[in-house]
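> Whatever this is, show me its structure:
(chains A and B)
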Amino acid sequence: MSIVDRINKTARRIPTWVVYLLYILPAPYFFYLALTGGLGPNPVKALEQEYGGIALQLLIIGLCITPMRRFFGINLIKFRRTIGVLAFTYVTFHLLVWAVLDVQTADRVIADIIKRPYVTIGMAGFVMLVPLAMTSNNWSLRKLGPKWRQLHKLTYVAVILGGVHYIWLVKGIQLEPLIYMAVILGLLAVRVRRIPRTRTA
Amino acid sequence: MALRWKNTLTERDVTDEAAFLNRRQVMGGALAGVGLATFGGRATAAPDRLKPNSYKDITQYNNYYEFGTGRGDPARNAHALTTVPWTVKIDGLVDKPGDYAFEDIMKAMTIEERIYRLRCVERWSMVVPWNGFELADLLNMAGVRSGAKYVAFETALRPDEMPGVRFPVLDWPYVEGLRLDEAMHPLSIMATGIYGKDIPNQNGAPLRLVVPWKYGFKSIKSVVRITLTDKEPPTSWNKALGHEYGFYSNVNPEVDHARWSQATEIRLGGGLFTKRTPTLMFNGYEKEVASLYAGMDLRVNF
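Residues are numbered from 1 along each chain as shown, chains lettered A, B, ... in the order given. All right, here's what the predicted structure looks like:
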């Protein structure tokens, strides 16, 4: 049995709730660290960054699933929605830490969303993920039919907004956000369908 | 000219730690490390309820991009910085230009404790008990010539010791500048210690500028060159992002950063549920420094 077959066989055996459980654990873990001094003297910023980072990584992992099947034959499609819902969950945690613990008042939250472009962009990304999270269930999938796939292409826009949000919020031109953006653009580029060559007689 | 300003942040202006002069002043740089660490809890409550941050907070949460852009990176990486021997080149419009050995500077200066607020442009703040000497004393030692209007500063650039300079986040070396009257102000110091101990590398060893009414990035670390000039010198963050970081960069709650409001700050050390506090004009030093900017539009000269 090839390694790909082995991976596929193992993946078939793992229920999706295992992935949910494993990937949700960092949330209470980092919260505990932030609460007890384990994230340094600025726990609010650190927690905000941890949740935001995990969210962006999950969105990127979600983008990897289709190319993995196409190029390597590794089939992890059944985890795609799980990953997407987890990404949304961490974006929500990130947003909550930012709004409640960092910015702290409603007027300042609203002012930031309106006046600060990197916040506006992050917020737009979150808003786009809301309908996707709400339709990440079997009933919606059946109900929406082919429209479901169309709707869920919003992920592409949301992940680009997430990448720009990260580049924009750091001070100066830093390497790490640029690497994230390059990976995102690379994963989107492999999806662009080549126009089939016209056959000559 | 030393001792021109009294601490207002604690009820006891001179503390036990301050009684211990900076070890380097006593023994000189070559013997640093032999001296005993003098470092106890600081229990003094301030009249305005400000208490210096812990030594750990002050030395574990730093912006020193030469050692990495993460706040914890400098504490992890700055041990590689060689600070002995250290010389500061003082040149430009001075009577006695030259390379000044750190030990010689320390012998000539009076070290005192200054407990200052530190407000980072990123909207966090600390209270730091610095040990150091007035910048004016150093400049007077070199003799400021009449044509000088500005002071330019430069940080060491050591690619072998500074992993952060491999990537051009900023145009290295880091440079900063002050107007001469700002530099000569009693509040402007060169810090050589924190809590009575030699200043750790990640905080800008062996000597760094501290200008408490300006955003933290103006207080340039690990200074190797000071140049008196008649022109406004370039400054690193201004060169990188001129619309976000001006030459003056005075703490001002009424003038927003291009990407965020500067009206409030989070004082570090209070944990996850720290309530934001209003940022004070000139970081609370309005009485002392506002006259320096009389008649200037602080929105234009941000």
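> Every contact and neighbour count from this point should use C-alpha atoms.
OK.
> Okay, now the unreliable bits of the chain?
You didn't pick a chain, so chain A it is. Within chain A, the segments meeting pLDDT under 70 span A:194-201.
> ah, I was thinking of chain B
Within chain B, the stretches with pLDDT under 70 are B:9-50.
> contacting residues around the residue nearest to the spatial centre of it?
Nearest residue to the geometric centre of chain B (Cα atoms, centre = their mean): B:Val210, 2.5 Å. With contacts defined as Cα atoms under 8 Å, 6 or more residues apart in numbering or on different chains, B:Val210 is in contact with B:188-191, B:218-220.
> Would you report the backbone torsion angles of it?
phi -130, psi 120 (degrees, to the nearest 10).
> so what's it closest to, chain neighbours aside?
Nearest non-adjacent residue to B:Val210, counting by Cα to Cα, 6 or more residues apart in numbering or on different chains: B:Ser219, 4.8 Å away.
> what's in contact with stretch A:129-149?
A:81, A:84-85, A:88, A:151-152, A:154-155, A:158.
> switch to 6 Å and redo it
Contacts to stretch A:129-149, defined as Cα atoms under 6 Å, 6 or more residues apart in numbering or on different chains, come from residues A:Val85.
> ok, now stretch B:74-93?
Residues outside stretch B:74-93 that contact it (Cα under 6 Å, 6+ apart): B:60, B:64, B:67, B:97-102, B:145, B:148, B:161, B:201-202, B:224-229.
> So which of these are in strands?
Counting by DSSP state E, those place B:98-101, B:224-229 in strands.
> Now the buried members of the residues you listed.
B:100, B:224-229 (16 or more other Cα atoms under 10 Å in any protein chain shown).
> Need the max-distance pair from those residues.
B:Tyr100 and B:Thr229 (18.3 Å; Cα to Cα).
> residues from the stretch 101-250 of chain B in reach of chain A?
B:Val169 (Cα under 6 Å from any Cα of the partner chain).
> where exactly do the strands run in the stretch 101-250 of chain B?
B:112-119, B:124-134, B:150-155, B:175-179, B:189-194, B:197-198, B:208-210, B:223-229 (DSSP state E, counting those that start in this stretch).
> same question, chain A
Counting by DSSP E, chain A has no strands at all.
> Quick check: the residue nearest the centre of it vs A:Val164, distance?
Nearest residue to the geometric centre of chain A (Cα atoms, centre = their mean): A:Leu59, 2.3 Å. With distances taken as Cα to Cα, to the nearest Å, A:Leu59 is found 14 Å from A:Val164.
> ok, and what's touching stretch A:43-60?
Applying Cα under 6 Å, 6+ apart, the contact partners of stretch A:43-60 are A:34, A:87, A:90-91, A:94, A:97, B:272.
> that older thread, greatest separation within the contacts of B:Val210: which pair is it?
Checking those with Cα to Cα, the most distant pair is B:Ala191 and B:Lys218, at 13.5 Å.
> Between those two, point out the one with more neighbours.
Counted by other Cα atoms under 10 Å in any protein chain shown, B:Ala191 and B:Lys218 do not tie: B:Ala191 has more neighbours, with 31 against 26.
> out of the strands of the stretch 101-250 of chain B, deepest packed?
Comparing these by mean neighbour count (mean count of other Cα atoms under 10 Å in any protein chain shown), strand B:189-194 comes out on top with a mean of 28.
> For it, which strands pair with it and how are they oriented?
strand B:124-134 (antiparallel), strand B:197-198 (antiparallel), strand B:208-210 (antiparallel) (DSSP bridges).
> Export these as CSV, with columns for distance to A:Gly73.
Output for the strands paired with strand B:189-194, formatted as CSV (distance: least, Cα to Cα, whole Å):
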stretch, distance to A:Gly73
strand B:124-134, 49
strand B:197-198, 60
strand B:208-210, 58
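> List just the one of these that sits closest to B:Val165.
Per Cα to Cα, nearest to B:Val165 of these: strand B:208-210, 18.8 Å.
> How about residues contacting stretch B:225-236?
Against stretch B:225-236 from outside (Cα under 6 Å, 6+ apart): B:88-93, B:148-154, B:174-177.
> now do 7 Å
Residues outside stretch B:225-236 that contact it (Cα atoms under 7 Å, 6 or more residues apart in numbering or on different chains): B:88-94, B:147-154, B:170-171, B:174-177, B:247.
> Check stretch B:160-170 too.
Residues from elsewhere that reach stretch B:160-170 (Cα under 7 Å, 6+ apart): A:172-174, B:65-68, B:80-81, B:159, B:172, B:236, B:240.
> what would those look like in a markdown table with neighbour count and distance to B:Ala290?
Listed next are these as a markdown table, based on neighbours: other Cα atoms under 10 Å in any protein chain shown; distance: Cα to Cα, whole Å:
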| residue | neighbour count | distance to B:Ala290 |
| --- | --- | --- |
| A:Gly172 | 15 | 30 |
| A:Ile173 | 16 | 33 |
| A:Gln174 | 16 | 35 |
| B:Tyr65 | 20 | 30 |
| B:Glu66 | 29 | 32 |
| B:Phe67 | 26 | 34 |
| B:Gly68 | 23 | 35 |
| B:Ala80 | 14 | 40 |
| B:Leu81 | 19 | 37 |
| B:Pro159 | 12 | 39 |
| B:Trp172 | 19 | 32 |
| B:Ser236 | 22 | 25 |
| B:Ala240 | 16 | 28 |
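> mind listing the helices for chain A?
A:3-13, A:16-24, A:26-35, A:43-72, A:80-96, A:106-115, A:117-134, A:138-144, A:146-151, A:154-169, A:175-189 (DSSP state H).
> Helix, strand, or coil at the residue of the stretch 1-150 of chain B found nearest chain A?
Nearest to chain A, among the residues of the stretch 1-150 of chain B, is B:Asp57, at 5.6 Å (Cα to the nearest Cα). At B:Asp57, secondary structure determined by DSSP: H, G, I helix; E, B strand; the rest coil is helix.
> what about the residue nearest to it when sequence neighbours are not counted, neighbour count?
Nearest residue to B:Asp57 in three dimensions, chain neighbours excluded: A:Pro41, at 5.6 Å (Cα to Cα, 6+ apart). Neighbours of A:Pro41 under the rule other Cα under 10 Å: 26.
> is it true that A:Pro41 touches B:Ile266?
No. If you go by Cα atoms under 7 Å, A:Pro41 and B:Ile266 don't touch, sitting 10.7 Å apart.
> so which helix or strand takes in B:Pro85?
Secondary structure assignment for B:Pro85, by DSSP states H and E: no helix or strand.
> I'd like to know how far it sits from B:Tyr100.
According to Cα to Cα, B:Pro85 stands 11 Å off from B:Tyr100.
> joint contacts of those two?
By Cα under 7 Å, 6+ apart, no residue touches both B:Pro85 and B:Tyr100.
> All set now, cheers.
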